[in-house]
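Participant: Turn this into a model:
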Amino acid sequence: MSIDSLKVREFAYMLSKANDVDGIVTAWLCVKEHFENLKAIVSLENYPKKFLDEEIRNKLDCRNSGFVSYFESSNLYFVSNESMIHMFDTGNVDFKIDYSIMFDTNFASYIHEFVKTGKVNVTLNNVFKTIDFLLRNELRYDYNFYLIENSKYFENKEFEPFSQSDIFNNIVSLELFKSINRNVYCELGRIEYTISYHEAEAQAKFILNSMYKTDDGQAFCSFYRNIQRQNLLNLIGMININFSSKLGARRKMEQYFDYITNVLGIYMDREAVIAHKLFNKNKDVNIFKRIHPNMKTEKLLSILNNIAWDFTIPRTMETIMTTCGEGDYFVPIFLSFDKDLRSLINLFPIKGCIFNPGNMQVIPVPKNISGEYFEANGCKEQLDNLMKPDVREKRFKVCHDNQRNNYEIITSEYKKIEFLLCKEQS
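Facilitator: Below is the predicted model of the structure:
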């Protein structure tokens, strides 16, 4: 069954309203005949069974730990026809969960510094505590976002040898870090690697060659760079609308929905809700604090590009989730010492996710349904108009044109906010 079918959408809505296992079972019973190739993960605050280790749950439940889950809670319930039928037949559940740690460039650079010097030259005490936690616990690491984020330096297969790049050095250090003997560290506090530097180099070359020098790897990175460009174009529209007038949030959303239809070409739930929170001056929208009317615009595009990559993280977590990692389910966990990034992920809390393993099709199930959110904030009519068939068709054409032109429109749209902020300065 297609993940975009009405039945699956109804299932998603029922999951959003489920407060206990009975609610999830009721939702599944309504679609089980059509759910053959699909899986779902749902967070239930009061669900007593714990699938994640206590140490990682404690980190996820602490807002300042640096760890942030894709889901609003670490108490998770897992749904597939196989697992549900097995549960009904035996009363037990039996499956493997991969909760590998995803991370950004900053984290990779901290690990490189630690491996090189045995310390980290930063004032953040949390970094030391986190490295100690990672060394004391048997965790896996997912390099995908880090490799995707840095793929801009390797957009074709002809480039300088990897050994001359920071990313190569960081991957070598990550491989060495992963190999540290946990028992020796915990008992003696000593760093003892279980692989040689040359073995780490060889593994790093294999990882980078697979990602950047193969057709499949290039296509994989291109897919996410396209998402980042969509996010960048979306951010440019949000900033332009936010600073162009003193209109209220509802009127600015009218302009934003027009921008989606005529310029961006794609409606994204998470980004639309965050746009409204920005227009409504929500104090939790901290990630834009460096962008203001009196700023110097020399670094504006770089700032926007970085924020666009931050917006790409939840999308990456969603699609990587469909691979199921090295288990029956993959629970995305991101590690970052950027509190504004963690705040961004938490701005749109996710209760669950429905996905088709292996083909990157995902339906996020937000804690607060966006349609209900916009209705409560007086934007229902504009959202309904956005979903009309003719408007959707126009949006699809705009999106197709943007992709075909490699998002050249970003240049002209960016000049508008550059001019706007320069005008504000004068």
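
Participant: Flag the shaky bits of the protein, pLDDT-wise.
Facilitator: 1-4, 91, 93, 119-125, 156-164, 423-426 (pLDDT under 70).

Participant: Domain ranges for it, per the record?
Facilitator: 102-138+158-212, 219-322+370-425 (automatic domain parsing).

Participant: which non-adjacent residue is nearest the residue positioned nearest the centre of the chain?
Facilitator: Central residue of the chain (C-alpha atoms, centre = their mean): residue 314, 1.7 Å from the mean position. Excluding the flanking residues, the one nearest residue 314 by C-beta to C-beta, 6 or more residues apart in numbering is residue 345, at 6.0 Å. No exception for glycine: its C-beta is placed from N, CA and C like everyone else's.

Participant: quick one on the thing from earlier: so which of the domains of the chain is nearest residue 333?
Facilitator: Among the domains of the chain, the nearest to residue 333 by C-beta to C-beta is domain 102-138+158-212 (6.7 Å).

Participant: How far does that closest one sit from its chain's centre?
Facilitator: The chain centroid and the centroid of domain 102-138+158-212 are separated by 22 Å under C-alpha atoms, centre = their mean, to the nearest Å.

Participant: Kindly report the same for stretch 15-24.
Facilitator: That offset, for stretch 15-24, works out to 24 Å (C-alpha atoms, centre = their mean).

Participant: residue ranges for the helices of the stretch 51-200 of the chain, please.
Facilitator: 54-61, 81-90, 105-117, 125-136, 144-149, 166-179, 182-188, 197-212 (DSSP state H, counting those that start in this stretch).

Participant: Next SSE downstream of the longest one?
Facilitator: Pointing back at helix 197-212 there. helix 215-244 (DSSP states H and E).

Participant: Go through that next one and flag the buried ones.
Facilitator: 217-218, 220-221, 224-225, 227-243 (16 or more other C-beta atoms under 10 Å).

Participant: Verify the contact between residue 413 and residue 259 for me.
Facilitator: No - Residue 413 is not in contact with residue 259 according to C-beta atoms under 8 Å; the separation is 9.1 Å.

Participant: quick one: common contacting residues for those two?
Facilitator: residue 237 (C-beta atoms under 8 Å, 6 or more residues apart in numbering).

Participant: Make JSON lines from the domains of the chain and add distance to residue 9 to it.
Facilitator: Listed next are the domains of the chain as JSON lines, based on distance: least, C-beta to C-beta, whole Å:
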{"stretch": "domain 102-138+158-212", "distance to residue 9": "28"}
{"stretch": "domain 219-322+370-425", "distance to residue 9": "12"}
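
Participant: How about the contacts made by residue 269?
Facilitator: 348, 364, 366, 370.

Participant: do you know how far it is from residue 369?
Facilitator: 9 Å (C-beta to C-beta, to the nearest Å).

Participant: Find the residues that touch each one of those two.
Facilitator: In contact with both residue 269 and residue 369: no residue, using C-beta under 8 Å, 6+ apart.
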